[in-house]
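Undergrad: 3D model of this:
(one chain, ligands or ions: 1)
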Amino acid sequence: MENLDLVQIRSEFPILNRKVCDKPLVYLDSAATSFTPQYVVDEIARVYSTCKANVHRGVHTLSQEATDLQEATRESVREFINAKSIQEIIFTRGTTEAINLVASSYGSLLENGEEIIVTEMEHHANIVPWQLLGHNKRIILRVVPVKKDGTLDMESYRSLFNERTKLVAICHVSNVLGTVNPVKEMIAEAHQYNVPVLVDGAQAVSHHKIDVQDLDADFYAFSAHKMYGPTGIGVLYGKRHLLKLMPPYQGGGEMIGTVSFKKTTYAELPFKFEAGTPDFVGIAAFKKAIEFMQRYGVERIAEHEKELLNYATEQMNTIPGMRIFGTAPQKSGVISFLIGNEHHYDMGMLLDKLGIEVRTGHHCAQPLMQALKIDGTVRASFAIYNTKEDVDAFISALRRVAAMLG
Ligand code: PMP
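TA: As a prediction, this is how the structure comes out:
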């Protein structure tokens, strides 16, 4: 595969030129949010200054233009994940809202005593919405444990199904361990019991080619801000027949057919789930972010990131006391680690002083931290614009920090 032109790519992200603590910026926190190419930022400004008129409600030219832009993005997203129809693409505020939508809408169809299978490596966004369901009825969460190397205990997964299982909710890629879960196999297993599967794809869409039909996923959730796009926009993909069964998530404008005090009917998909004015400007710019990824190709981007991941891992393993969490054979995007018993927060603060931006803490995965018997890690993550020089700077800073902390 042809190498990426990193000089050209980096020039599209002016933010990379800024300094941190008077040092050149090395950004290793793209798993939290990735940077945005200038032409995506420019598209936001262009829409604001040319056709910021509310979507779907006007016959006038500006409203039509804004609507066309929003709907063009819906088609781009459909194509990007190979969904069958644009009716299956719902815009949300992010992965979190997409999962909350399913929890509150599909969840309302569940009965007392029914069960949902999740895993120990889930982000809080794929745990708490299911727990909230339990405020009104008794919904039981069954949890697939994580093995030492950061892979799921698949035997345990298979053993958790019974006649009360109504949903599986799993991440495609762990935001802490980087483990790429065998979601296609897990979905096939669940479908043998007629159980639908929601995949939290927040950490997968920018590193893997996603084909929701090939995976046979029933729901797939992700956020634009982790794929070089604007903040505050996400996508819920859902199979049409399931979305049709489900009641609306929120009420308001846009999601209705007709309203009277006697009876209200709902709009067709996907609008039934899109109450109120969406961030149509951001949605328009999201199309440009998808184009950016398509220009380089997700597979090529993934290969580049994998090289960086392997290069960093090799060098990190030469640092005395290094403890890397997550050594699954199928791994992408992130490396979580600690050095000896040093606190992740101290390491993060010192790395920042050297211009290295990493994330520290529990990464919104406290149940996983409890399983690992730690309270947090340092996490470095990679994106298209990172270079081997970034990794070298990171490793050299890490050695200095380890020495400083003794
Ligand atoms: N799931 C995973 C695996 C994540 O990494 C994140 C973001 N850290 C989320 C869900 C939530 O995404 P958002 O905050 O964009 O809704």
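Undergrad: what domains does the record give for this structure?
TA: With domains defined by automatic domain parsing, the chain comprises 6-30+297-405, 41-294.
Undergrad: redo the ones you listed as a markdown table? Include mean pLDDT and mean neighbour count.
TA: (Each C-beta comes from the backbone N, C-alpha and C, glycine too.) Formatted as a markdown table, the domains of the chain follow (pLDDT from 0 to 100; neighbours: other CB atoms under 10 Å):
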| stretch | mean pLDDT | mean neighbour count |
| --- | --- | --- |
| domain 6-30+297-405 | 97 | 18 |
| domain 41-294 | 97 | 19 |
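Undergrad: among those, which is nearest the ligand?
TA: Among these, the nearest to the ligand by CB to the nearest ligand atom is domain 41-294 (3.1 Å).
Undergrad: end to end on that closest one, go ahead and measure it.
TA: Using CA to CA, to the nearest Å, one end of domain 41-294 lies 17 Å from the other.
Undergrad: with stretch 215-231 instead?
TA: Rule used - CA to CA; the end-to-end distance of stretch 215-231 is 27 Å.
Undergrad: so does it get close to the ligand?
TA: Yes. Counting by CB under 6 Å from any ligand atom, the ligand is contacted by stretch 215-231 at residue 223.
Undergrad: off-centre distance for that stretch?
TA: Centre-to-centre, stretch 215-231 and its host chain are 6 Å apart (CA atoms, centre = their mean, to the nearest Å).
Undergrad: same thing with stretch 95-114?
TA: 18 Å.
Undergrad: list the contacts of it.
TA: Here stretch 95-114 makes contact (CB atoms under 8 Å, 6 or more residues apart in numbering) with 90, 92, 116, 125-126, 129-130, 132-133, 137-140, 164-167, 169, 196, 198, 200-202, 219, 221-223, 234-236, 238, 242, 245-249, 273.
Undergrad: please report the distance of residue 34 from residue 260.
TA: Going from residue 34 to residue 260 by CB to CB, to the nearest Å gives 46 Å.
Undergrad: how about the residues of the stretch 1-150 of the chain that lie near the ligand?
TA: 94, 95, 96, 123, 125, 126.
Undergrad: rerun at 5 Å
TA: Residues of the stretch 1-150 of the chain lying close to the ligand (CB under 5 Å from any ligand atom) are 94, 95, 96, 123, 125.
Undergrad: the third one belongs to a helix?
TA: Spelled out, it's residue 96. Yes. Counting by DSSP: H, G, I helix; E, B strand; the rest coil, residue 96 is located in a helix.
Undergrad: narrow the contacts of stretch 95-114 to those in strands?
TA: 90, 92, 116, 140, 165-167, 169, 198, 200, 219, 221-223, 234-236, 238 (DSSP state E).
Undergrad: give me every residue that touches residue 71.
TA: So residue 71 contacts residue 86 (CB under 8 Å, 6+ apart).
Undergrad: and for the one 3 residues further on?
TA: Contacts of residue 74 were listed using CB under 8 Å, 6+ apart, and they are 86, 89, 91, 270.
Undergrad: which residues of the chain fall in helices?
TA: Applying DSSP state H to the chain gives helices spanning 6-11, 38-50, 61-81, 95-105, 128-133, 154-159, 183-192, 212-215, 240-245, 280-296, 298-316, 344-353, 366-372, 388-405.
Undergrad: now the angle from the longest one to helix 298-316?
TA: When you say that, I think you mean helix 61-81. Angle of helix 61-81 versus helix 298-316, following axes from the mean of the first three to the mean of the last three CA atoms, to 10 degrees, is 60 degrees.
Undergrad: restricting to C-alpha, output helix 61-81 in CSV.
TA: Coordinates of each C-alpha in helix 61-81 appear next as CSV, following Å, rounded to 0.1, in the frame of the first residue of the first chain:
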residue,chain,number,x,y,z
THR,A,61,-34.1,29.0,-1.3
LEU,A,62,-31.8,29.2,1.7
SER,A,63,-33.8,26.6,3.6
GLN,A,64,-33.7,24.3,0.6
GLU,A,65,-29.9,24.7,0.3
ALA,A,66,-29.4,24.0,4.0
THR,A,67,-31.7,21.0,3.7
ASP,A,68,-29.9,19.7,0.7
LEU,A,69,-26.5,19.9,2.5
GLN,A,70,-27.8,18.0,5.5
GLU,A,71,-29.4,15.3,3.4
ALA,A,72,-26.3,15.0,1.2
THR,A,73,-24.3,14.2,4.4
ARG,A,74,-26.9,11.5,5.3
GLU,A,75,-26.3,9.9,2.0
SER,A,76,-22.5,10.1,2.5
VAL,A,77,-22.8,8.4,5.9
ARG,A,78,-25.0,5.7,4.4
GLU,A,79,-22.4,5.0,1.7
PHE,A,80,-19.5,5.2,4.2
ILE,A,81,-20.9,2.4,6.4
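Undergrad: could you tell me how far it lies from the centre of the chain?
TA: With CA atoms, centre = their mean, you get 21 Å for helix 61-81.
Undergrad: with the first one instead?
TA: Using CA atoms, centre = their mean, we find the averaged C-alpha position of helix 6-11 to lie 24 Å away from the chain's own average C-alpha position.
Undergrad: which ones are touching the closest residue to residue 43 other than its chain neighbours?
TA: Spatially, and ignoring its direct neighbours in sequence, residue 43 is nearest to residue 285 (4.2 Å; CB to CB, 6 or more residues apart in numbering). Residue 285 sits next to 40, 41, 43, 44, 47, 229, 230 when contact means CB under 8 Å, 6+ apart.
Undergrad: list just the nearest of those to residue 186.
TA: residue 229 (27.4 Å; CB to CB).
Undergrad: I'd say that closest one and residue 284 touch.
TA: No. Look at residue 229 against residue 284 with CB atoms under 8 Å: they stay out of range, at 10.7 Å.
Undergrad: residue 199: what's it in contact with?
TA: 170, 171, 172, 183, 187, 215, 217, 219, 220, 221.
Undergrad: which of these sit farthest apart?
TA: Largest separation among those by CB to CB: 187 and 221, giving 14.3 Å.
Undergrad: residue 291 contacts residue 79, doesn't it?
TA: No. At 11.0 Å, residue 291 does not count as touching residue 79 under the criterion of CB under 8 Å.
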